[in-house]
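Peer 1: okay, predicted coordinates and the sequence, questions at the end:
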Amino acid sequence: MPKPLRHVFACVQGRPAGHPRGSCQDKGCAAVWQKLSDEFTLRNLWGAGFQLTNTGCLGPCELGPTLLVYPEGVMYAGVGPGDVDRIIDEHLLLDRPVDGLLAPAELWG
C-alpha cells in the first residue's frame, strides 16, 4: 500500500449509557462515519491517495464526534455529517484546515 497523502481517523467509540466520559457514538459519530465513507467512495478518494479508518477513542469525548487527520495531526471536534464535504473540499483537497471545526488548542495544540 502506498503512503497516503492524508489519513483520516474517525472516532466511532461507544460507551454504556451514563459513562462519565460520554462517547462519540452518543453524539452521532455513526452518521459522520457513513457520510465520510460514502464521500470517499463517490469521489474516488480511496484511489487518489487518501485513507479513512474508523477508530476507538481519540480523547475529547465530550466534544465528539472527532476526526484526526495525518500527517498534519489536525483534530476536528463536534463534527456533523454536514461538515464532511467542507473537511474534504478544504482540508483534504486544498490543504486548508477548517478553522471553525478545529478542536480547541488546549486539547490539541
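Peer 2: Cool, the structure landed. Numbers count the residues shown, from 1 in each chain.
Peer 1: how near is the residue of the chain most remote from its centre to Glu72?
Peer 2: For the chain, the residue at maximal distance from the C-alpha centroid (Cα atoms, centre = their mean) is Gly18, at 23.9 Å. Computed as Cβ to Cβ, to the nearest Å, the Gly18 to Glu72 distance reads 35 Å. C-beta: built from backbone N, CA, C; applies to glycine.
Peer 1: over to Gly82?
Peer 2: From Gly82 to Glu72 the distance is 22 Å (Cβ to Cβ).
Peer 1: and the most centrally placed residue in the chain, what does it touch?
Peer 2: With distances taken as Cα atoms, centre = their mean, the chain has Leu67 as the residue nearest its mean C-alpha position (2.3 Å). Leu67 sits next to 8-11, 32, 36, 58, 75-76, 79, 87 when contact means Cβ atoms under 8 Å, 6 or more residues apart in numbering.
Peer 1: one more pass at 10 Å, please.
Peer 2: By Cβ atoms under 10 Å, 6 or more residues apart in numbering, the residues touching Leu67 are 8-11, 24, 29, 32-33, 36, 52, 55, 58, 74-77, 79, 83-84, 87, 91, 101, 103.
Peer 1: those residues in helices, which ones?
Peer 2: 29, 32-33, 36, 84 (DSSP state H).
Peer 1: before we move on, back to that, in PyMOL, how would I select the buried members of the contacts of Leu67?
Peer 2: Filtering those down to the buried ones (16 or more other Cβ atoms under 10 Å) takes a single PyMOL command:
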select buried, resi 8+9+10+11+24+29+32+33+36+52+58+74+75+76+77+79+83+84+87+91+101+103
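Peer 1: from the contacts of Leu67, which ones fall inside strands?
Peer 2: Applying DSSP state E to the contacts of Leu67, the entries found in strands are 8-11, 52, 55, 74-76.
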